[in-house]
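Student: Provided below for reference: sequence and predicted model.
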Amino acid sequence: MTLKNNIEIGSVVGSNSHIDYVGEIYTETMRENPPEPTDFEFGQFVYVSKEVQGQQRAFVGIIYDTQLVDPDQGRSGPRLAQPDEQNIFQPSYVDEKQVLTGIVLLGHAKVEDGELVDPEHSIPRWTLEIDDVVQKLSDEAVTRFHEVDGEVRLEYYQRIVDVAGGFAEDILSQVLTHLKQEKPGEADALDVIQKNLEWQTKMGGVE
Amino acid sequence: MVIGIVSKPGENTNEFVIVTPDDTEIKTGEFVYYKGDVEVQNDDGSVVEQEKKIFARVTGREQQRGFPDQFMADPGVSPDAVARKLGISTEGVDLYNITATVIGYYDEKLNDFTNPRIVPKPGTEIRLASDSDLEEYLTEAVPEEGSAFIGDLIHRPPEQTEIHLPIDAFASTHLSVLASTGSGKSYTASVLIEEMMQPDSRAAVLVLDPHGEYGSLKQMEEGEKFQDGDYAPEVQIKRPESIQIRISELSLGDLFSIIDDPSDPQEQVLAEAWNQLQSEEDDYISINDLQNKVEEVGDEKDLESSARALDWRIDKALDRDLFDHSNHLSLSELLEPGQCTVLQLDTMDQRDQQMMVSVLFRKINQERVAHEKGRESELEFPVFGLLEEGHRFAPADGDARSLPVLSTILSEGRKFGVGIGIISQRPSKIDDDVLSQCKTQIIMQIQNPLDQDAVKKGVEDVGEDLLDELPGLTPGQAIIAGDSVNTPFLSRIRNRYTEHDAESLEATKLWQESWKEQQREPDGMAEPEDEEGASNRDQPLD
């Protein structure tokens, strides 16, 4: 039951492309139990559950970026209220402080009985929509998402590199380390990929 | 089957580049073709365009696309496994650029390839040449009609092709078999002899065999392949003991070369004496005759001391088993159509071997010239002589009695029907002219760089691409080039019908046997306990 009782961490509020979405993290004004910072950390796998053509599907992505938005930043004019009372007098202002996350879509899978089935690392044909709820994907489900045709795969590899740019190495490295622990039988091949990634990223900066 | 597409012209004229997804079929030296329109002349003289298969030889191959080296960082992980994890297809990944050189289309009138002098356009489909086309076009030989079945093409499956060489061509324009030790030169030469002795050729072959490797050719006499009605080849093996040179058949030059360091006056006396003896037209000159004549001339010319000094020198030079006043190798005994004579020279001194070759081939040449000029002759048919260790008889440093006569035969022999086959593992030690006069070349594995250079210089029409293969050839594989073939190719020499004699000794086996033999030898010795009186030898003497 990997997709049950998962924490809802936010909702989709926009996108930069078909695979690059912006999510807004829930705050305490939106949810009674807002997510903890560890729930939407850098490199966290997330998913959006949607029904497509009568079939429940999970669109799996990963948080590759975070931006803090504070509309008050740089506004130097005087306030009528004391800071403590601002919540009462200017509730919308407080609402506007946002944590936005960049989510790159990695693939999709069918959901059957709360489990990911037949994961595919291709770009989904269907788009997410505004207000779709983004949920945290459990470690167990992360591993499941990477089992394609009986072996561990990261077919989305290049897409992360393209979208996340300089952050890609850290994200992929985290994923690879996780998968190496979960699937020791395939650790050697994953290690080749990880070392190559490190070499390219780090040497790319030196050369 | 289309195996690739032309992508662009190559660096050199006649060269073009093919892109192919799969390299399994295409090896260096392989033949491919494309179809193109060429202008050909009709029988009535009109020029028409005709679609022809234009053949090309693959000269190089390099990978254009493949998995990066980084995928191979862990020897325990295949690059395929890494690629699969990254969602990269593992099939059809490798892409090769193949370089090919145009040979041309086969011109039925010329019986040779004609180069259209234009490379195919990008996008042209390239196909693998068929076995039957290659069998037909690579050489002009017709099976069973004076041809030598030499083997098959190296880049095709074993025995799928049959390559025949025209015996007429290499027997008249000479042949060289060049290869380092152990790569199969004498094997190849034996295959050629086997072919020449078959009923469709019945050649007159003389083999100079300094190592005694050709004895097993005797089996041809019984071999089924060699029989046809009344015909069966005759193989004569001559041992050094039975090989003699008649003194009167020596030339003055031969004589000078074996006389120990003669002074000018001595040479003068000897020359005069020899000329006088020759003019007497005596076929039987003994050592005594020569010594007497030298004395006579010495007296006449007032050079008695020189004559005396020559006396013992003549003795030393000629008083040996090799020379005789009457016995000799008669050409009619040595050379007959349908007969292969093997002169085994293994115990003969190298200088004597050279002398033998010099005397023998001079005589052969003289008789053949006489025949062609319409004079009486012992040899009314062409002959083919095969010289193993060719560098001994035609050395680059010129220090051999046999060199001048071989040079003469190699440059003029084709007119008079004397063919020479030079076999050697040291092409760099063979006289340049001799090597370049051998118009058919069978070149096998050669690793020595000096020898490789010699082959490159001496062999004209073999491309660099093929010569680059030389160090990598395995025993039994050969490049065949020259006048007998329409274009050079790589071939696998066929198995011999007769057994092969020249295998290396099995040293470890022989050592073991010899050691055991020695252990058994001391029969006369006994263990101390077995000696008489051993039982009571420790008793005190009374």
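Tutor: Here it is on my side, so go on.

Student: alpha carbons only for contacts and neighbour counts from here, please
Tutor: Fine.

Student: Now do the lengthiest strand in chain B: which elements does it pack against?
Tutor: When secondary structure is assigned using DSSP state E, the longest strand within chain B turns out to be strand B:47-65. Judged by 3 or more Cα pairs under 8 Å, 6 or more residues apart in numbering or on different chains; DSSP states H and E, the packing partners of strand B:47-65 are strand B:31-41, strand B:95-107, helix B:464-467.

Student: Surely A:V134 is in a strand?
Tutor: Yes. Looking at A:V134 with DSSP: H, G, I helix; E, B strand; the rest coil, it is inside a strand.

Student: From what I see, it and A:Q44 are in contact.
Tutor: No. Counting by Cα atoms under 8 Å, A:Q44 is not a contact partner of A:V134; they are 11.5 Å apart.

Student: Just list the residues touching the closest residue to B:Q425 other than its chain neighbours, thanks.
Tutor: Closest residue to B:Q425 apart from its sequence neighbours, by Cα to Cα, 6 or more residues apart in numbering or on different chains: B:S180 at 4.4 Å. Applying Cα atoms under 8 Å, 6 or more residues apart in numbering or on different chains, we find B:S180 in contact with B:S424, B:Q425, B:R426, B:M444, B:Q445, B:I446, B:Q447.

Student: For chain A, give me its nearest residue in the stretch 401-542 of chain B.
Tutor: In the stretch 401-542 of chain B, no residue comes nearer to chain A than B:G472, which is 34.2 Å away by Cα to the nearest Cα.

Student: For chain A, what lies in contact range of chain B?
Tutor: A:151-157, A:188-190, A:192-193, A:196 (Cα under 8 Å from any Cα of the partner chain).

Student: if you set the cut-off to 10 Å instead, what comes out?
Tutor: A:121-122, A:146, A:148, A:151-158, A:186-193, A:195-197, A:199-200 (Cα under 10 Å from any Cα of the partner chain).

Student: what residues does the host helix or strand of B:L134 touch?
Tutor: Under the criterion of DSSP states H and E, B:L134 resides in helix B:131-137. Under the criterion Cα atoms under 10 Å, 6 or more residues apart in numbering or on different chains, residues B:31-32, B:53, B:55, B:105-108, B:111-113, B:141-142, B:152-153, B:156, B:160-164, B:485-487 lie in contact with helix B:131-137.

Student: pLDDT wise, what is the residue nearest to B:Q425 at?
Tutor: B:S180 carries a pLDDT value of 89.

Student: SS state for it?
Tutor: coil.

Student: With the flanking residues excluded, which residue is spatially nearest to whichever residue of the stretch 151-300 of chain B sits closest to chain A?
Tutor: Here the stretch 151-300 of chain B gets closest to chain A at one residue, B:H155, 36.2 Å apart by Cα to the nearest Cα. Using Cα to Cα, 6+ apart and skipping residues adjacent in sequence, the residue nearest B:H155 is B:E30, 6.1 Å away.

Student: Determine the longest helix present in the chain.
Tutor: Looking at chain A here, since you left the chain open. Longest helix of chain A, by residue count under DSSP state H: helix A:187-206.

Student: not quite, I wanted chain B
Tutor: Longest helix in chain B, counting by DSSP H: helix B:350-372.

Student: buried stuff in that one?
Tutor: Neighbour-count burial for helix B:350-372 flags B:351-372 (criterion: 16 or more other Cα atoms under 10 Å in any protein chain shown).

Student: How is the residue sitting nearest the centre point of chain B assigned, secondary-structure-wise?
Tutor: The centroid of chain B falls nearest to B:V177 when counting by Cα atoms, centre = their mean (2.1 Å). Under three-state DSSP, B:V177 falls in the strand class.

Student: what sits opposite it in the beta ladder?
Tutor: Beta bridges link B:V177 to B:I423, B:I442, judged by DSSP bridges.

Student: Please read off the pLDDT at it from the model.
Tutor: Looking at B:V177, the pLDDT reads 93.

Student: that older thread, tell me the gap between the helix or strand following the longest strand of chain B and the middle of its chain.
Tutor: Where DSSP H and E defines the elements, the next helix or strand beyond strand B:47-65 is helix B:79-85. Centroid displacement of helix B:79-85 relative to its chain, using Cα atoms, centre = their mean, to the nearest Å, is 50 Å.

Student: Just checking, which helix or strand of chain A averages the lowest pLDDT?
Tutor: helix A:91-95 (a mean of 56; mean pLDDT, DSSP states H and E).

Student: Distance of the closest residue to B:A189 other than its chain neighbours relative to A:D131?
Tutor: Take B:A189 and drop its neighbours on the chain: the residue closest to it by Cα to Cα, 6+ apart is B:V177, 7.4 Å away. Here B:V177 is placed at a distance of 85 Å from A:D131 (Cα to Cα, to the nearest Å).

Student: What of B:D168?
Tutor: 92 Å.

Student: More neighbours: which of those two?
Tutor: B:D168 (17 against 13; other Cα atoms under 10 Å in any protein chain shown).

Student: Now do the buried residues in the strand or helix carrying that one.
Tutor: Here B:D168, judged by DSSP H and E, is contained in helix B:167-173. By 16+ other Cα under 10 Å, the buried positions in helix B:167-173 come out as B:I167, B:D168, B:A169, B:F170, B:A171, B:S172, B:T173.

Student: give the contact list for the fourth one.
Tutor: So the one you mean is B:F170. B:176, B:384, B:414, B:419-421, B:438-441, B:482-485.

Student: Please repeat the previous calculation with a cut-off of 6 Å.
Tutor: B:T440, B:S484 (Cα atoms under 6 Å, 6 or more residues apart in numbering or on different chains).

Student: per-residue pLDDT, it?
Tutor: So B:F170 comes in at 89 (pLDDT).

Student: likewise A:E207?
Tutor: 62.

Student: swap in B:D397?
Tutor: 89.

Student: hey, C-alpha coordinates of the longest strand of chain B in PDB?
Tutor: The C-alpha trace of strand B:47-65 is given here as PDB (Å, rounded to 0.1, in the frame of the first residue of the first chain):
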ATOM      1  CA  VAL B  47      29.900   3.500 -77.500                       C
ATOM      2  CA  VAL B  48      26.900   2.800 -75.300                       C
ATOM      3  CA  GLU B  49      26.100   3.300 -71.600                       C
ATOM      4  CA  GLN B  50      25.700   0.100 -69.800                       C
ATOM      5  CA  GLU B  51      24.900  -0.700 -66.100                       C
ATOM      6  CA  LYS B  52      27.800  -2.700 -64.600                       C
ATOM      7  CA  LYS B  53      28.700  -3.900 -61.200                       C
ATOM      8  CA  ILE B  54      31.600  -1.800 -60.100                       C
ATOM      9  CA  PHE B  55      33.700  -3.600 -57.600                       C
ATOM     10  CA  ALA B  56      35.600  -2.100 -54.700                       C
ATOM     11  CA  ARG B  57      37.800  -3.500 -51.900                       C
ATOM     12  CA  VAL B  58      37.300  -2.600 -48.300                       C
ATOM     13  CA  THR B  59      40.500  -0.900 -47.100                       C
ATOM     14  CA  GLY B  60      39.600   0.300 -43.600                       C
ATOM     15  CA  ARG B  61      37.000   0.400 -41.000                       C
ATOM     16  CA  GLU B  62      36.500   2.700 -38.100                       C
ATOM     17  CA  GLN B  63      33.700   3.100 -35.600                       C
ATOM     18  CA  GLN B  64      31.700   6.200 -36.000                       C
ATOM     19  CA  ARG B  65      29.300   5.700 -33.200                       C
END
